[in-house]
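Engineer: Quick one: sequence plus predicted model below, questions after.
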Amino acid sequence: MTQEKIHFDNGANYQKSMGIWSELVGSSFLDWLALPNNLDWLDDGCGNGDFTELVIKRCLPRRISGIDLSSELLNYARTRRNCQLANFQLGNAMNLPYGDSSFDVVVMALVIFFLPDPAKGLSEMVRVVRPGGCVASYTWDLQNAQYPLAPVNEQLFAMGHERLLPPNVNTAKSNNVHDLWVGAQLENIQVKAFTVDQSFDNFEDYWNTVLLAPNINSLFNAMTPNDQRTMLDGVRKRLAVNSNGKIVVTARANAIRGQVP
């Protein structure tokens, strides 16, 4: 069986499904970085610009660029009200179209485990950062199934389907990504984990956001009615409900930072 991968091409749907998670984790991540204002930033794999916008609002960069493979997501990013400062560009993280030492900070937010060669992608990040600059990343904790779509994936697996995951899940392990940063000869390497919660009014609210992921939507719609019921019942049982009757999903992100010598 060919393993399906999670992907988004619709910027608005990504914002409804994953945007709140990006803001929750991204805010904690930027607080941890605690970098000064007026720096030159690159959001490497910027997608629909949600993290780019967060950097602009919270870090007051002098200049910020965003690069991504999806023209559809970039088109959405360019419509963001607070992203006039950003320069969004179509391009590949494996071969960044920037000169050496072009930025003070390069960040990959929930991206590095999508790269075909994470070490090569990291080498490109290091190349475009000035000496003394920051190279940082964070990914979902896939190893311990603490990520927004974990309840869905675990039920899919229980029903005999492959989990829908990024292609390089091992990169999400904190020890593996630490080895990458060491291998890139970065200095002052630090790691940090962030745990965030998101609540949904009810199961339907949660499930409607899940179906915004095109792969999940296609897979669910291709199921028989009986399998759809099994899927829904199984996911429902895997979700936590608080005292107010709301669905609460907990996710954990593993972050890393290093300094270019």
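Structural biologist: Yes, it's here.
Engineer: What residues are bridge-paired with A109?
Structural biologist: Y138 (DSSP bridges).
Engineer: What is the neighbour count of it?
Structural biologist: The number of residues packed near A109 is 26, by other C-beta atoms under 10 Å. Where you see a C-beta, it was placed from the backbone N, CA and C, and this is true even at glycine.
Engineer: residues touching it, list them.
Structural biologist: S22, V25, G26, F29, D43, G45, F51, S137, Y138 (C-beta atoms under 8 Å, 6 or more residues apart in numbering).
Engineer: right, and out of those residues, which lies closest to V241?
Structural biologist: Minimum distance to V241 across the contacts of A109 is 22.7 Å, recorded for V25 (C-beta to C-beta).
Engineer: Could you check the pLDDT of that closest one?
Structural biologist: The model reports V25 with a pLDDT of 94.
Engineer: Is it in contact with A253, as I believe?
Structural biologist: Yes. Counting by C-beta atoms under 8 Å, V25 does reach A253; the two are 4.6 Å apart.
Engineer: and for these two, which residues touch both?
Structural biologist: L110, Y138, F194, V196.
Engineer: A251 is in contact with the last one, correct?
Structural biologist: Yes. Checked against C-beta under 8 Å, the pair V196 and A251 is within contact range at 5.7 Å.
Engineer: show me the contacts for T171.
Structural biologist: I112, F113, L115, P118, T139, V177, L180.
Engineer: Would you agree the second one is in contact with L180?
Structural biologist: No. Contact criterion C-beta under 8 Å: F113 and L180 do not qualify, at 11.1 Å.
Engineer: Which residues does the helix or strand hosting W41 contact?
Structural biologist: If you go by DSSP states H and E, W41 is part of strand 40-44. With contacts defined as C-beta under 8 Å, 6+ apart, strand 40-44 is touched by 49, 51-52, 55, 59, 61-67, 86, 93, 96, 98, 102-109, 111, 121, 125, 128.
Engineer: What remains of the residues you listed if I keep only buried residues?
Structural biologist: Buried subset of the contacts of strand 40-44 (neighbour count, 16 or more other C-beta atoms under 10 Å): 49, 51-52, 55, 59, 61, 64-67, 86, 93, 96, 98, 102-109, 111, 121, 125, 128.
Engineer: in this structure, which spans are strands?
Structural biologist: 40-44, 63-68, 86-90, 103-109, 129-140, 187-200, 240-241, 247-259 (DSSP state E).
Engineer: how close does C59 sit to G26?
Structural biologist: 11 Å (C-beta to C-beta, to the nearest Å).
Engineer: I misspoke; the intended subject was D117.
Structural biologist: 25 Å.
Engineer: The two: who's more crowded?
Structural biologist: G26 (25 against 11).
Engineer: and of the shared contacts of V25 and A253, the nearest to R81?
Structural biologist: Distances from R81 to these, taken by C-beta to C-beta, are shortest for L110, at 22.2 Å.
Engineer: In contact with the closest one, which residues?
Structural biologist: S22, V25, Y138, T139, W140, A253.
Engineer: And it, how close does it get to A34?
Structural biologist: 20 Å.
Engineer: where do the helices sit along the stretch 1-150 of the chain?
Structural biologist: 11-14, 20-33, 50-59, 71-77, 118-127, 150-158 (DSSP state H, counting those that start in this stretch).
Engineer: how about those helices in a markdown table, adding distance to G258?
Structural biologist: Shown next, in a markdown table, are the helices of the stretch 1-150 of the chain (distance: least, C-beta to C-beta, whole Å):
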| stretch | distance to G258 |
| --- | --- |
| helix 11-14 | 28 |
| helix 20-33 | 11 |
| helix 50-59 | 18 |
| helix 71-77 | 26 |
| helix 118-127 | 8 |
| helix 150-158 | 28 |
